[in-house]
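S.K.: sequence unavailable; structure follows:
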């Protein structure tokens with residue numbers, strides 16, 4: 001009987017070796033070629049999974065009969081080489097957006113994201129860097145249920161243990177030799193648990209954005225940062241690891257974040273990152289999105305912008321008091337680069353007390369919300385990633401409060417309100433437009449508009465009368481980003497343009513103008 005699977009769901013094939021290998025992770029490569037019903041070919045790498053077993057994972061993008069065959073770098077191994085088979089992909093019928101619409105890609109105008117079928121995707125992520133090595137399956141299920149109900153659609157995780165996680169008894173990804181990890185000997189229990197976490201995330205309808213190599217795993221990065229764990233990966237080992245990750249996780253629609261908290265200061269580090277990125281690109285059968293996560297005090301360096309593997313700009317405005325000002329600058333700088341790519345803030349100021357950067361400065365809901373809205377209106381309009389201290393580090397008892405407490409911060413709902421505000425609009429077309437302010441550029445107001453000015457959005461830090469150089473007739477409304485309430489805006493037209501009366505609420509507010517022409 002032919003195996004059946006819905007489109008964009010994972011098909012897993014198992015191969016049993018006829019031979020023994022000293023180190024299957026490094027010594028043997030198995031590739032599986034898939035032929036679509038229309039004759040299109042895609043190739044996935046199989047990964048070693050212990051006891052002479054290799055597995056290949058593939059998510060069929062179209063319905064119909066798929067055929068496959070295997071090829072191995074050990075052609076005499078009949079268990080791995082020359083195997084053939086087929087399966088039937090049936091059209092997915094359900095509500096999971098990943099399976100219903102497919103994986104992610106860049107939009108046609110290069111400023112946003114869409115699913116494979118063209119459905120727009122406003123990136124609303126959450127930084128949960130430490131879960132790969134620290135969260136239990138039960139904890140992760142609880143987390144996913146909560147964030148999915150809120151409206152989040154993506155999580156940002158580290159593939160390897162986070163150096164500053166609060167989880168001390170964390171799972172180890174590689175064998176230990178002389179108190180140092182041997183990155184040629186993966187700990188399969190670690191990656192099998194990560195399999196479960198990534199599969200659960202996809203089943204919940206959320207994408208996984210996975211950091212390949214955080215900076216402390218790569219020589220020549222952040223040399224000013226005092227940290228015990230350094231190095232591990234050469235370009236050759238980074239390529240091997242990149243292939244391994246792509247083989248295990250590409251079929252879940254994973255977005256690849258090649259670097260974590262990196263500064264791109266040395267050629268040595270760039271060689272390692274390039275090797276990992278190119279290996280993933282060669283292995284991932286879907287051409288999945290790929291980017292880099294930077295330090296909080298830099299925008300995309302020119303050398304990184306030149307990388308052919310970079311699909312979008314992910315800046316970090318950081319956790320210092322100037323996070324809003326940093327977000328505006330980073331969005332402007334990244335948006336000015338060519339070729340055009342999507343831009344957004346992937347790590348703004350965390351809510352809660354960050355242990356490093358908050359001396360003399362206490363983040364709170366209002367401060368972080370101002371960073372969110374300023375990031376998007378300043379040009380980082382492909383989406384936003386939320387973050388809370390205690391969640392990214394996965395704090396648990398005896399620490400108090402724990403990740404469960406931080407999970408419920410109201411600032412997380414503020415980020416959801418931002419997403420829901422923009423989703424009915426063509427947010428990917430918005431461009432910074434402070435030149436439309438009649439009073440000139442103002443630091444307390446940010447304006448963005450579509451190229452045809454059919455939609456204009458302004459974010460104000462406090463109630464103020466706005467003068468705008470807009471001559472068409474507009475319908476306007478004020479939006480309260482703290483509660484989601486909407487009120488009609490009082491708009492008047494004169495010879496010099498438009499005047500809008502202040503918002504009805506104290507504090508920050510969002511003005512939405514739509515042309516009625």
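M.R.: Nice, I can see it. Computed from a predicted model, the values in this text were never measured in an experiment.
S.K.: C-alpha only now, for contacts and for neighbours.
M.R.: Noted.
S.K.: contact partners for residue 281?
M.R.: By Cα atoms under 8 Å, 6 or more residues apart in numbering, the contact list for residue 281 reads 287, 288, 309.
S.K.: just name the closest of these to residue 232, please.
M.R.: Residue 232 lies nearest to residue 309 out of these, by Cα to Cα, at 22.7 Å.
S.K.: okay, now the closest one: neighbour count?
M.R.: 19 (other Cα atoms under 10 Å).
S.K.: now do residue 399
M.R.: Residues within reach of residue 399, counting by other Cα under 10 Å, total 10.
S.K.: which helix or which strand is home to it?
M.R.: Per DSSP states H and E: residue 399 is located in neither a helix nor a strand.
S.K.: what about it, distance to residue 393?
M.R.: Separation of residue 399 from residue 393 (Cα to Cα, to the nearest Å): 11 Å.
S.K.: dump the contacts of residue 281 to CSV, plus pLDDT and secondary structure.
M.R.: What follows is the contacts of residue 281, written out as CSV (pLDDT from 0 to 100; DSSP: H, G, I helix; E, B strand; the rest coil):
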residue, pLDDT, secondary structure
287, 97, coil
288, 98, coil
309, 98, coil
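S.K.: coming back round to it: which residues do residue 399 and residue 393 both contact?
M.R.: Joint contacts of residue 399 and residue 393 (Cα under 8 Å, 6+ apart) do not exist.
S.K.: ok, so of the contacts of residue 281, who is nearest residue 502?
M.R.: Nearest to residue 502 out of the contacts of residue 281 is residue 288 (Cα to Cα; 44.3 Å).
S.K.: and the helix or strand hosting residue 511, what other elements does it pack with?
M.R.: Taking DSSP H and E as the criterion, residue 511 maps to strand 509-515. Helices and strands touching strand 509-515, by 3 or more Cα pairs under 8 Å, 6 or more residues apart in numbering; DSSP states H and E, are strand 455-460, strand 474-479.
S.K.: quick check: end-to-end length of stretch 155-169?
M.R.: With Cα to Cα as the measure, stretch 155-169 spans 23 Å from end to end.
S.K.: related to what we said a few turns ago, distance to residue 103 added to the contacts of residue 281, as CSV?
M.R.: Listed next are these as CSV, based on distance: Cα to Cα, whole Å:
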residue, distance to residue 103
287, 10
288, 8
309, 17
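S.K.: pLDDT weak spots in the stretch 151-300 of the chain?
M.R.: For the stretch 151-300 of the chain, the stretches with pLDDT under 70 are 230.
S.K.: can you pull out the helices in this structure?
M.R.: 24-27, 97-101, 131-134, 137-150, 188-203, 235-249, 267-283, 302-305, 323-336, 365-377, 403-407, 410-422 (DSSP state H).
S.K.: and those helices: which comes nearest residue 430?
M.R.: Comparison of the helices of the chain against residue 430 by Cα to Cα identifies helix 365-377 as nearest, at 8.0 Å.
S.K.: thinking again about what came up before, tell me the one of the contacts of residue 281 nearest residue 249?
M.R.: residue 288 (10.9 Å).
S.K.: relative to residue 37, how far out is the closest one?
M.R.: Separation of residue 288 from residue 37 (Cα to Cα) stands at 22 Å.
S.K.: what do you get for residue 434?
M.R.: For residue 434 relative to residue 37 (Cα to Cα), the value is 51 Å.
S.K.: what of residue 514?
M.R.: From residue 514 across to residue 37, the span is 45 Å (Cα to Cα).
S.K.: likewise residue 183?
M.R.: According to Cα to Cα, residue 183 stands 39 Å off from residue 37.
S.K.: these two: which has the busier surroundings?
M.R.: Higher neighbour count among residue 183 and residue 37: residue 183, with 18 against 15, using other Cα under 10 Å.
S.K.: pretty sure that one contacts residue 232?
M.R.: Yes - judged on Cα atoms under 8 Å, residue 183 makes contact with residue 232 at a distance of 7.1 Å.
S.K.: pick the most buried one from the helices of the chain.
M.R.: Among the helices of the chain, helix 131-134 has the highest mean neighbour count (mean count of other Cα atoms under 10 Å), at a mean of 26.
S.K.: quick check: closest non-adjacent residue to residue 268.
M.R.: Nearest non-adjacent residue to residue 268, counting by Cα to Cα, 6 or more residues apart in numbering: residue 220, 5.9 Å away.
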